[in-house]
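J.: I would like to see how this sequence folds:
(one chain, ligands or ions: 3)
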Amino acid sequence: MSIDPAINHRPSPALGLKIPRHIGVIMDGNGRWAKARGKARTEGHMEGVKALRRLVELCISHEVPNLTVFSFSSENWSRPKDEINFIFGLLHRFVASDLATLMANNVRIRIIGSRDGLESSLVRLIDDVEAKTRDNTGLNLMVAFNYGGKAEIVVATRHIANEVAAGRLRPEDITEATVAAALYTSGLPDPDLILRTSGEQRVSNFLLWQGAYAELVFVEENWPDFSEATFLAVLEEYTARERRFGGIEAKPR
Ligand code: IPE
Ligand code: IPE
Ligand code: MG
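T.: Ligands and ions are numbered 1, 2, ... in the order given. A predicted model of the protein is given here:
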């Protein structure tokens, strides 16, 4: 597909945009953004945080109820130690510095993924912001950090196996709902739309179970360049998609 972010899209109900109940975003291309400007990769990650703030504001103003962003994958441990430390520091700073704004905007934030390998100070900070924003009723913001879709399914499987071993669950009673409830995203609707920036067209282990019927949209621009025009172009693309869910007629979402 081709999206032209240069078109002057305006946020207007007259556009008749469908608003997804849940958007997943693979924020990719920070390194290439920096490289193209002769900067260090870390500068790309810093600009990426600014793009994330823009995305959160857009989701609030367009009343997207749920947003999950991919910010560090379980496979990203294979990067140089310095880059990993920098990304961990960025999460720390984002969570600490943006807490007041998130509270003011009624955002509930959750960090999903494994806590293994995270420093205890970071884990404490995460627990603290999750607790402080727990009762907020606006945008649900999930930050997938140290997250991998396969690892998530393994954790869920272990939990279910323990329930069976303890005699609280019979194998024949395991349903899709049982699995969904054991995932980090328990209680959230599946993503209707998964967006990936930077031109890469793959899922890279993001929301494997939940994304079974997501509409996938890929845009060429790198994550730090993400703008309102792109956001609206992506929503237009989503609105134009015919979602059949295995049937023969389009379903409303
Ligand atoms: C996405 O940008 C951020 C993370 C994966 C942490 P990249 O760092 O992957 O940037 P590219 O893909 O190398 O350009
Ligand atoms: C996916 O991007 C993970 C995040 C955006 C956090 P990667 O840059 O790690 O993905 P691959 O390695 O190109 O598939
Ligand atoms: Mg990448």
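J.: Averaged pLDDT, stretch 198-211. What do you get?
T.: Averaged across stretch 198-211, the pLDDT comes to 98.
J.: Quickly note the distance from the residue sitting furthest away from the middle of the chain to residue 161.
T.: Centroid-distance maximum for the chain: residue 167 at 35.0 Å, with C-alpha atoms, centre = their mean. Counting by C-beta to C-beta, to the nearest Å, the gap from residue 167 to residue 161 is 12 Å. C-beta here means a position set from N, CA and C on the backbone, and glycine is covered the same way.
J.: Now do the helices for this protein: every range, in order, please.
T.: Along the chain, the segments classed as helices by DSSP state H run 30-36, 41-61, 81-104, 120-133, 149-165, 176-181, 228-240.
J.: So for the residue in the stretch 1-150 of the chain that ligand 1 sits nearest to, what's the pLDDT?
T.: In the stretch 1-150 of the chain, the residue that lies nearest ligand 1 is residue 31 (2.8 Å; C-beta to the nearest ligand atom). Residue-level confidence at residue 31 comes out at 98, pLDDT.
J.: What are the neighbouring residues in contact with it?
T.: Counting by C-beta atoms under 8 Å, 6 or more residues apart in numbering, residue 31 touches 41, 44.
J.: in stretch 91-106, what's buried?
T.: 91-92, 94-95, 98-99, 102, 105 (16 or more other C-beta atoms under 10 Å).
J.: can I get the residues you listed in a markdown table with pLDDT?
T.: A markdown table is the format used below for those (pLDDT from 0 to 100):
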| residue | pLDDT |
| --- | --- |
| 91 | 96 |
| 92 | 95 |
| 94 | 94 |
| 95 | 92 |
| 98 | 95 |
| 99 | 96 |
| 102 | 96 |
| 105 | 97 |
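J.: which of the residues you listed sit farthest apart?
T.: With C-beta to C-beta as the measure, no two of the buried residues of stretch 91-106 lie farther apart than 92 and 105, at 20.4 Å.
J.: which residues does the closest residue to residue 153 other than its chain neighbours contact?
T.: The shortest distance from residue 153 to any non-neighbouring residue, by C-beta to C-beta, 6 or more residues apart in numbering, is to residue 209 (6.1 Å). Neighbouring residues of residue 209 by C-beta under 8 Å, 6+ apart: 149, 152-153, 179-180, 183.
J.: and if we set it to 10 Å?
T.: Applying C-beta atoms under 10 Å, 6 or more residues apart in numbering to residue 209 gives the contacts 149-150, 152-153, 156, 176, 179-180, 182-183, 185, 190.
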